[in-house]
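Undergrad: Show me the folded form of this:
(2 chains)
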Number of protein chains: 2
Amino acid sequence: MTHIGPGRPRLEPRRRAGQTPRAEILDAAAELFTINGYSNTSTRGIADAVGIRQASLYHHFSSKDDILDLLLAETITAPLEFAEALAKDPAPAAVRLYALAWFDVSQLRAARWNLGALYLLPELRGERFAAFRERRDTLRRHYERLAAAASAVPGVEQLPFRLVESVINIRSDEGAAAEYADRLIPDAILRLLGVPEDPEQTRSAAMELVDLL
Amino acid sequence: MTHIGPGRPRLEPRRRAGQTPRAEILDAAAELFTINGYSNTSTRGIADAVGIRQASLYHHFSSKDDILDLLLAETITAPLEFAEALAKDPAPAAVRLYALAWFDVSQLRAARWNLGALYLLPELRGERFAAFRERRDTLRRHYERLAAAASAVPGVEQLPFRLVESVINIRSDEGAAAEYADRLIPDAILRLLGVPEDPEQTRSAAMELVDLL
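TA: The predicted structure is shown next:
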């Protein structure tokens, strides 16, 4: 029997994604939250799924809300960092928007669990998740700024972010989003914004940015 | 004191949208499901919100799942009927798709409660909601058929339905979707599909269909 944390024996051998007990707890929680629902999942259930005692879980996280907050943060961190790097780049807005949409779609599509399905949880409206909401709003505004700069059509700047997040709904309804969504959605965004440039050129310039940043 | 159902006294005077006890129960449930969450709402809580006894609620609905099923059905019934009427209409696919998107966006935007936020509930994946899922899939396929007929871009036919349902996410994030979304989203769909016709002409033909059907 292996030991984790301060010497607590594990109930079952490890069988989770993740190299550390903390990562295993997050993986089990993500599975249970997305499959059974947040309210229907207890920290006891998460501990059972990892094969540790509930008390061991509390060495790593002080509450179920803390676990959710961390999981949600992970869905935003990489695209937000990428958006911040893009904001300083001199490339045309359409190229940067394409790069951001490509990056974000591919991570939403390929993530092990469809955690974006939790964005609509009423629990997220509380004070406890204000910091997460603010970070997601910041990401949304990055999209809106780039879209407004790339398009002359009033109001349309709010739609690219929504089209990107529709990957979450596609995964929820169909079990998975096809890999071609990575290109389908950014291509659709260019047309939706009425960007006049050659999409092929915008795409290849965007892919260079993705590799670079 | 007024009486409802088989002579049960009401605890409080009516203060709900709806002309009948059944409609009041649905309205209270819709509010509680969307504000507090489905799992966090009990039939007791719904009865309290209406000002009736829990036993009176069970004269109208046999379970919380039944109430959810009916509320979800209401979000689909009108657009599905409209889509079925459109399927038999000889108008060009782009015109019919515009009409469907306009109709659906305006009802998702103006509905008293943002019930579409419940579409991602894990509970809906069970057998109990198979009929609802099938009806929503039928609506989705109406969109996909019209979009495929209107567009030469492969794969893009799945996106108009997603863009329409993004009204749910906009309402969830911003509290409301602006009225101009009724036109913004169908217009964006035409561009996204690469429909070459004059949008003004497609729009006015579509609005005639909305008035007619």
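Undergrad: For the strand or helix carrying residue A:211, output the C-alpha coordinates as CSV.
TA: Of the helices and strands defined by DSSP states H and E, residue A:211 is found in helix A:199-212. Presented in CSV, the C-alpha positions along helix A:199-212 are these (Å, rounded to 0.1, in the frame of the first residue of the first chain):
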residue,chain,number,x,y,z
PRO,A,199,-9.1,33.5,-45.1
GLU,A,200,-6.2,31.3,-46.1
GLN,A,201,-3.7,34.1,-45.5
THR,A,202,-5.3,35.1,-42.2
ARG,A,203,-5.2,31.4,-41.1
SER,A,204,-1.6,30.9,-41.9
ALA,A,205,-0.5,34.2,-40.2
ALA,A,206,-2.6,33.1,-37.2
MET,A,207,-1.0,29.7,-37.0
GLU,A,208,2.4,31.4,-37.0
LEU,A,209,1.3,33.4,-34.0
VAL,A,210,0.1,30.3,-32.2
ASP,A,211,3.5,28.7,-32.7
LEU,A,212,5.3,31.8,-31.7
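Undergrad: residues making contact with that helix?
TA: Residues lying outside helix A:199-212 but in contact with it, judged by C-beta atoms under 8 Å, 6 or more residues apart in numbering or on different chains, are A:86, A:89, A:91-92, A:94-96, A:98-99, A:102-103, A:183, A:186-187, A:190-191, A:195. Where you see a C-beta, it was placed from the backbone N, CA and C, and this is true even at glycine.
Undergrad: biggest helix in chain A by residues?
TA: Under DSSP state H, the helix in chain A containing the largest number of residues is helix A:64-87.
Undergrad: in it, what's buried?
TA: Across helix A:64-87, burial judged by 16 or more other C-beta atoms under 10 Å in any protein chain shown covers A:64, A:67-72, A:75-76, A:79-80, A:82-83, A:86.
Undergrad: Kindly report the same for stretch A:31-51.
TA: Judged by neighbour count (16+ other C-beta under 10 Å), stretch A:31-51 contains these buried residues: A:31-34, A:37-39, A:41, A:43, A:46-51.
Undergrad: Is chain B within reach of that stretch?
TA: Yes: contact check for stretch A:31-51 against chain B, using C-beta under 8 Å from any C-beta of the partner chain: residues in range are A:34, A:35, A:36, A:37, A:38, A:39, A:40.
Undergrad: got the end-to-end distance for that stretch?
TA: Criterion C-alpha to C-alpha, to the nearest Å; first-to-last residue distance in stretch A:31-51 is 14 Å.
Undergrad: chain center to it, what's the gap?
TA: For stretch A:31-51, the distance between its averaged C-alpha position and the chain's averaged C-alpha position is 19 Å (C-alpha atoms, centre = their mean, to the nearest Å).
Undergrad: Before I go, just wanted to say thanks for your time.
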